[in-house]
Structure formats: structure tokens, C-alpha cells
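*Asks:* sequence and predicted structure, then a few things I'm wondering about:
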Amino acid sequence: MISLPAFRWRLPCCAVVCLLGTSVLLGGCGGGGDQTITLWEQMDPEEREILHVLVAEYQAAHPGTRVEVAHYNTEDVRTQFQTAALGGGGPDLVFGPSDQVGPFSVMKLIHPIDEIFPADELARFRPEAFDTLDGHVWALPDQLGNHLTLLYNQDLIDAAPATMAEFLAAAEAATLDADGDGTPERYGLVFDVSEPFWLIPFLTGYGGWVIDAAGRPTLASPAMVRALELLSSLRNEHGVIPRECDYELADTMFKEGRAAMIINGPWSLSAYRKAGIPFAITRIPWIEETGRWPGPMISSKGYSVSERVKGEHLARVLDFLRFVTSTESQIEFATRLGTLPTRRAAYDDVRIAGDPVLSASIAQVEVGRRMPVVVEMRAIWDAMRPAVQSVWNGALTPAAAAQEMQDRAIKKIAEMRQ
Amino acid sequence: MKSNKLSRVVRRILLYAVIIAITAITVYPVLVVINTSLRPSNALYTTSLSLIPENATVRAYVSILLDKPFLLWMRNSLIVAIAVTLLGVTLASTAGYAFSRFSFPGRRSGMIGLLVTQMFPATMLLLPLFVLMRGLGLVDTLMGLVVAYTATVLPFTVWTMKGYYDTIPRDLEEAAMVDGASQIGAFVRVVLPLARPALMITGLFSFMAGWSEFIVARVILSSQSLYTLPLGLEGLAGTFQTEWATYSAGSLLVSLPVVALFLILNRFLVGGLTLGGVKG
Amino acid sequence: MSILPVRYRLPYALLLPTALVIAAVILYPFLYNFWISLSNMSLYHVRDAHLIGFDNYGKIFLESELYTVLAKTIAWTGINVFFHVVIGVGVALLLNQQVRGRGIFRALLILPWAMPQYIVALTWRGMFNYQYGAINLILERFGIDPVPWLSHETGAFAAATITNIWLGFPFMMIIALGGLQSIPDELYEAASIDGASAWQKLRRVTIPMLKPIMVPAISLGTIWTFNNLNVIWLVTRGGEPADQTHILVTYVYKAAFSYYRYGYAAAFSVMIFLVLLGFILWYMKTTRVLAEAR
């Protein structure tokens, strides 16, 4: 029916060829001048404010150098950097969570940090802040953290629960259904129940983990079954958590004082302070059965240098990097945001060591476990998510869900490696 | 007679009841967004049905207008949206006319070809689009956005103009041409004025496409001084920590110019422009 | 140009600028996408991708959930477009009458279209919460049991659909309002003289006269809804519960951005393209809007 006469296409094709032809001539331009350092970041609003102050300071101290910062959300900073860098453009520096270096390094879009910084300089950072992949470090971290911890409202909970039994008892006691309609007005505990990131502390608390050193998933484990059982018991046996509880609901309820405890990360603290909630933070309670502390995943955020940055410009970019990751800069971020520094020197500073919230945060990190930066982690999360939700709805038993996660993860990883 | 009048009154009341009910349902979620924008706690959800939150505050509006470069974003968005509107309407009104009034080789495939351009998931076109824009030297320019958006609105606007021209009887132009007008003259003086409702739709649509688009803008722009409203708003959101009140306030402010534009254009959607009016 | 018959010159001249803009921006990405779909481009083969033939297309048909997801996508598209058109045209008819405050009602009704989608989609998600969402709170006032919208497969699908219907009907309303202006009053008067009822006028006058402008809107509405990832993604938070609320285009997004399977994602999008092309050719034939110019 539909014929595409040749001449209809010839015309547009000619036009495109012409346009592309001109573009080759214009090709050289584009991309900022040499004196401009470009940075793409995915910082939260408050974090960004601090960065902007630092950038202004740096520019004042280095006349002639401009730092252009562009903000993206976490998903976009990764995908856009990939698109731009593969397309021959993109920024000099890209800032983000440690796991984004997985695809960047495999696609050879960034420099190995250990090849552009001298070893003695890197030795001034805490070694656990670095992730290595293929024998190289791919990002210069300026903060550790991103770890979940337990926050409780001191008006509603008297003392920090130390063990799982105390924790459940406190949650039950704080759950309040005054009018007896079966829908509590206040819940003992809230957190994002269907996001597997929140399941990790329980998984490690029962002695499990997500992936082995060879990049094979280890999800079908007795520990996973126990963690899932605990998760579903929170709602079904103990009734301490709302039936549909996503991140925003958990956050809203804790801000309104309608939830006594929340499991959340350091990024949330300043908002709760602003909302006037008298909260304190403590480790996620000890599991008697295994004798372990639940370990949240910890990860760093840091800067990677685009592979396109070379020569003189590279020196300029590195100088800026040294400045934004300096001990002073890190203390500024840490004291205002609750993130933990990566430079050794920062930990000796009284502003870090003497801060009660930061100390509690450090205590939680001590029992945490590094989030793997391998690209396979995406497959792990995507495989876990539906199964966790199925356990929550009662569609799958914990044992069946653990097996399903494992099978899905294996399949997805195989597809990626094709 | 009387019962007839009564039934008319009943029908009027019913008409208003239905319109008000539909409007209420439509507006309710927007009221929730307004509620969010007035909340002091920056929480996204609420656990109550009340439309005004406790301790309501307009701090978010002050903050977005004064602390953020909202007006700069708005300026950029206006430039893009107006350019897309002018280009989209001009190109569509002529191309649509060709498709409506002429028979020529490639007409069918051309019309289908327009629709075909919309059928690929946008996700997959972003990398080549970036490469292309880079080749054209249009990365990180508002011009790049204008070109990309115009290309994406044209299929809709051309088809809409073509469809509307189809409903305008040909004898009107033929009469003008008998009176000595050229085909172009008849098009400009007879057909275009009659097609004002369609010009208004294509204009509004083109404006909206330039005003609210995010994904392509995200790929093409990286300088903060060029940010359009959707990019600026996106910057208010963090991975976990979002100032929902400010975000909602910004979203509401973004929608106002569109509604205002619609109110201005609305007069073209009132009778009096019908063929009968012109003929008489 | 001298080979070109004179009678074709004007239409081609009128079309040329449009053809140029579209060709400049869209043609290259299209061809690029076809090329990728035939290559092994993936995470480990970004820089050294080469053509491998139709392997990627073969893999699509091995996707175990392909047909379920295709059925869901068709349901999603069909239900949405149906309600967009019915509500949109219905409201346009109501607001084309002599109604006090008509302009205000029209302006209020385009709000869903004018608002940024992100915030309203998330607001709707909040309204669907089991215990605290406005919808269940209102249902309870009428003595109806709360519905577990978001944690149940059908519920989540319905929630996303309701949100998208709300978002999309104003677009159809605006188009129908425009289309209604082209209907001369004489046609209605003539129908009245023939003793036609309101329903008959709708069927014999309004609908045929709206057709030329609604058919393209419906065609494009179908294409856009079929590929509309945003709304369903935001309302169901990326496929909750348990990956049960995906539509085809989710696979493209996931394959390209989560798993870097560029070749596979491109092949998948070519397949989506072919499904849509088939539909549009059928629809154009049924509605005969492509008939030669009179």
C-alpha cells in the first residue's frame, strides 16, 4: 500500500548530508575554553549550596579559571555522562556515587585515579574510602556514608533499643490505635519497605550478602530467608509498620511525628531538624540469634576525571580536585550534612570527633559493609526489588522469593555480559 | 409550553452540575499540589484530607522567586517556547495546506512518514541526537532546543492543520481565485483566517512542547545560564531529600503562563468564526 | 527542478521547510538506531561494536514475559486513549454551549495538561496510598472498603491508568474545542428541520465533522501513550508491585540505561516501531483520512 518513492527520500538525504558536511567544518568548536573546568554533579540541594560556596572561593583564588557546575539527578548524571562522553563531549569532572564508575571504567570514559595522582597523595585518604575495579581506583572520594541507620523520636521512645527484641517491643509499644478502628494513628516504625537497599542491614545481620568476589549473586541464602521473614513479620505479626510504606510516606510520617522510628540515611537529618523532630540516632539493633550487628551498605561519593582531559588542562582539573576534596572542605560537608570525611586528617579534627551525631554515624559505619561497585549490582537490585515486594504482599514465601531473586539475578547478569 | 420551559431549566441545572463535578475532580489533585506548596515541613504526602495545611506558609513561593534563578529559567523557556511556536505554526500551516489541497507523488508516504517519526521510543534517539547536535554545533545552545522541538512538534501540527483545512470547503478559495486571487493569495486571505481555531491549537501545543520538555533539554543543555524551567525545577529535587514545598510552588508557577496563554487564545474558540459567519 | 511538473511545484515548495527540519533532526537518529539494532553494541562492546545481523531481534522473542507485557501495553494504550477521547470530546461539547464562566471552566480543565507531570504523578501516587491517600479516605466516607491500590497488580495498573487519563483528556478537549468551531450552525439547523434528535445530530453532524481533526490526534495520542514511560513509572515507582506494571517501552529503557544492552534496546525499539506502524496503517485505512485531496 505504502510506497516510498525514491525522490522523496533523496531530497531530505541531501539536506542531511549537507548539514553534516557543514558540521564537520564547524566541528572543532564547542566545549568550553581551556580555562574553564566543567563539573557535573548529582548533589542534594543543601550539598550543592556548599559546593557553590567552595567553587566561588576557588575562582576568587584563581583568577582566569572558571568552574562551571551542572546539576543532574543520580540516574541522569550517569546516563547523560555516558551519552555525552560516548558522543565525544561531556564535562571534565563527574561527581556521583561510587557505583557509577563501573560502567564508566568498562567503557573507558574516565582516567584511573591512581595514574593521575601520586601514591603518597592518595595515602592521605582512608583506605576503606577507595573502591578498586580491575586493579584501579576510578574516583577520588570526598565522603563516606550513604549508610542507613536507626532514627528515633525521643518524645515517643525513651531509650535507644539495643537488641532486636527491645526494638520490636519499643515499636509495638509506640504503635497507637486510640480510636480502635484497626488503623493506627501512629506507627512504631517506618521505612521504605519495598526498596531492597533497606533490606540489606537485616540481610547482613543474619550473616548474608548479595554477591561474591567473582561477581556471582549469593541471594538464595538462609540469611536472605530470615531477613525476608523479619521484614514480613514487621507488618503481619507485629503490626508496627503501615501496609503500604514507600520512602515519601515514611518521611512524611516521621516529619509529622506520626512514626516513632525510621530507618534512614544521613541525607535526611537536616530536614528532620528543620521539622522540629527531637530525634536521636543509633545503630540498627543487634540481632541476638546470630550475634551480629545489622550492617547497612556504605558507599562513597566522589569525583572521576573524564578520559578526554589531557596535558595542561589535566593539571588544572587536578588542582581544583585537591581543593574540593581538601580536609577543610570535607569538614564543611561533614558538619553540615552528616556525611563522613575520607581524609585521615579530618578524623582528628574536634569538629568531627566531638560531634555526637557524627560519632553515632561513625559507629553505624563501623559495622557497615562496602557496596560493591561492579556493574552487576544493577542486576542484583533489579532482581531483588520485585521479590521483596512479593514477600511484602504475601504473594511469595520468603524461601521462594530468595530463590527467585537468585534466578533473576543470574539471568540478568548473563544478558549483560553478552 | 410550560413543561417545555421547565425541562429546559432542569437541563441547564444538570449541565452545570455535570460541568462543576468534572471540574472539581479535575482540579482536586492540583489543590493537593497547592497544599503541598504551602506546607512548612516540606513533606510530599499528607495524611489528612484538609485542603489548607497546618501552619500554612508562602515561604516556598518567596524562596523560589528570590533564592533561585526562576526568572532566568522562565526567560529561557519563553525564548524557546515562542520560537518553537512561531516556527511550528508557520511550517505547519503551509505544509498542512499542501497535504490538504494538492495531489502529488509522495503525499501519502509523506503523511505517514510524519507519524513514523514519533514511533521510536525517545530513549533510543538521545545518543544519536546528541552526536548530531554536536556535529551541528548546537550542543548547549537554546537554538539546539528550538530545532529539536520544532522537529518533534511538526508531525502533530502538520496533521492537525491538514485535518482542519479538510473541513473548509474548497469553493471559498475557488471563488477568491475566480475573483483574481492567486492560490497563495486565496490561502492567506481566505483559508488561514478561517483556520484560526486550528492555528490556536497548533500554537498552544507548540508552546507547551517548548515549555515543558525535559529529556531532550537534559541531553542538549548543561550550562546553568541556559536552563529552562523543567531543568531548573528538576534541580530542586534530590535523590532522597527534596524540598517538596518549593518544588510544588515552582510547578504551579510553571503552569500559570500556559493557562494564561490559553485564556488569551480562548477567544478563538468561541463561535462567530464559523463558515456561516463568513459567508453571511 | 525543470523536470518537476508545474502543478507539483507549489505543494513541494510548501513542504520543503518542514521536510528539511524533520530530515535534519530525525533522519540521522533513525538510521543510527537501525544500525545499532543490527550490532553487538553493549557495555563491553561500546567502542568496538560491529554488525552481527538479526541476533538482537531473535532475543526479543525469547523474553519470557513478552506477550504478557505486550497485552498490558495494548490494554494501557487502548483504555487511556478511549477515555481521553470520550472525556475530552464530551467535555468539549459541554463547554461549547452557552455556559456562564465558560472561559474559566475551560482554563481550569486544562490544568492537568499545563502542570509539570512529575509533581502531579507523584501527587497522585500519594493520593492512592492505602491508609492515608485521599482516594481511600473518600471511599471510606462513602462506606466503601479501602482498596490496596499500589500493592496489588490490578490496583497499581488502575492507579497509573487513572492518573494518565486525568493527565491526557485536556489535550483531546482542546483539539475537539477547535474542531467544533469548524462546524457551521447551518448544518445543525438543517438537521433540526429534518427532525433529528440530539443524539442523531451528534452522530450525523458532529462526529463526521470532527473526524478530520480528531483522527490525527487519536493516532498520535495512541503512539505517545504506547511509548509513555513517565506516568506509569512514577505512579508505580518503576513497576511495583513486583515488576507487574511494565509496558514494552520499559524494556527499552531498562536494557539501554540499566544494562547497557544498546543493540538489544535498539532492536526492541524497532519492534515497537513496527507494531505502531502496523496499527497506524490499519487505522488510516479504516478512517480513510489519507484519501487524495479533493
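*Replies:* Perfect, I can see it now. Just so we're clear, the structure is a prediction, and the values are computed from it rather than from any experiment.

*Asks:* okay, now the residue in the stretch 51-200 of chain B positioned nearest to chain A: neighbour count?
*Replies:* Closest to chain A within the stretch 51-200 of chain B is B:Gly135: 3.6 Å, counting by Cβ to the nearest Cβ. (Glycine included, C-beta is placed from N, CA and C.) Neighbour count for B:Gly135, taken as other Cβ atoms under 10 Å in any protein chain shown: 21.

*Asks:* tell me the pLDDT of it.
*Replies:* On the pLDDT scale, B:Gly135 is placed at 89.

*Asks:* what of A:Asp319?
*Replies:* For A:Asp319, pLDDT reads 95.

*Asks:* can you name every helix or strand that the strand ranked longest in chain A contacts?
*Replies:* Ranked by residue count under DSSP state E, the longest strand found in chain A is strand A:297-305. With contacts defined as 3 or more Cβ pairs under 8 Å, 6 or more residues apart in numbering or on different chains; DSSP states H and E, strand A:297-305 has these neighbours: strand A:93-97, helix A:113-116, strand A:140-145, helix A:311-324, strand A:369-370.

*Asks:* for chain B, which of these is the nearest?
*Replies:* Closest among the helices and strands packed on strand A:297-305, once you apply Cβ to the nearest Cβ, is strand A:93-97, at 8.7 Å.

*Asks:* residues contacting the helix or strand following that closest one, please?
*Replies:* Heading C-terminal from strand A:93-97, the first helix or strand you meet, by DSSP states H and E, is helix A:101-106. Contacts to helix A:101-106, defined as Cβ atoms under 8 Å, 6 or more residues apart in numbering or on different chains, come from residues A:78, A:81-82, A:85, A:94, A:110, A:112, A:131, A:133-134, A:136, A:138-139, A:304, A:373-375, A:377, C:43-44, C:260.

*Asks:* could you flag which of the residues you listed are buried?
*Replies:* By neighbour count, with 16 or more other Cβ atoms under 10 Å in any protein chain shown, the contacts of helix A:101-106 hold A:78, A:81-82, A:85, A:94, A:110, A:112, A:131, A:133, A:136, A:138-139, A:304, A:373-375, A:377, C:43-44, C:260 as buried.

*Asks:* interface residues of the stretch 151-280 of chain B facing chain A?
*Replies:* B:218-219, B:222-224, B:234-243 (Cβ under 8 Å from any Cβ of the partner chain).

*Asks:* let me see the contact set for residue 173.
*Replies:* All of this refers to chain A. A:Gly188.

*Asks:* ah, no, chain C please
*Replies:* Counted by Cβ under 8 Å, 6+ apart, C:Met173 has contacts C:87-89, C:91-92, C:95, C:106, C:109-110.

*Asks:* chain neighbours aside, what residue packs nearest to it?
*Replies:* Spatially, and ignoring its direct neighbours in sequence, C:Met173 is nearest to C:Gly88 (4.1 Å; Cβ to Cβ, 6 or more residues apart in numbering or on different chains).

*Asks:* what strand or helix carries the one you found?
*Replies:* helix C:66-94.

*Asks:* quick one: mean pLDDT for that helix?
*Replies:* 95.

*Asks:* beyond it, next helix or strand please.
*Replies:* Downstream of helix C:66-94 (by DSSP H and E), the next one is helix C:102-109.

*Asks:* so that next one versus helix C:66-94, what angle?
*Replies:* Helix C:102-109 runs at 160 degrees relative to helix C:66-94, counting by axes from the mean of the first three to the mean of the last three Cα atoms, to 10 degrees.

*Asks:* so for whatever helix or strand comes next after helix C:102-109, mean pLDDT?
*Replies:* Next in sequence after helix C:102-109, counting helices and strands by DSSP H and E, comes helix C:111-114. The average pLDDT for helix C:111-114 rounds to 94.
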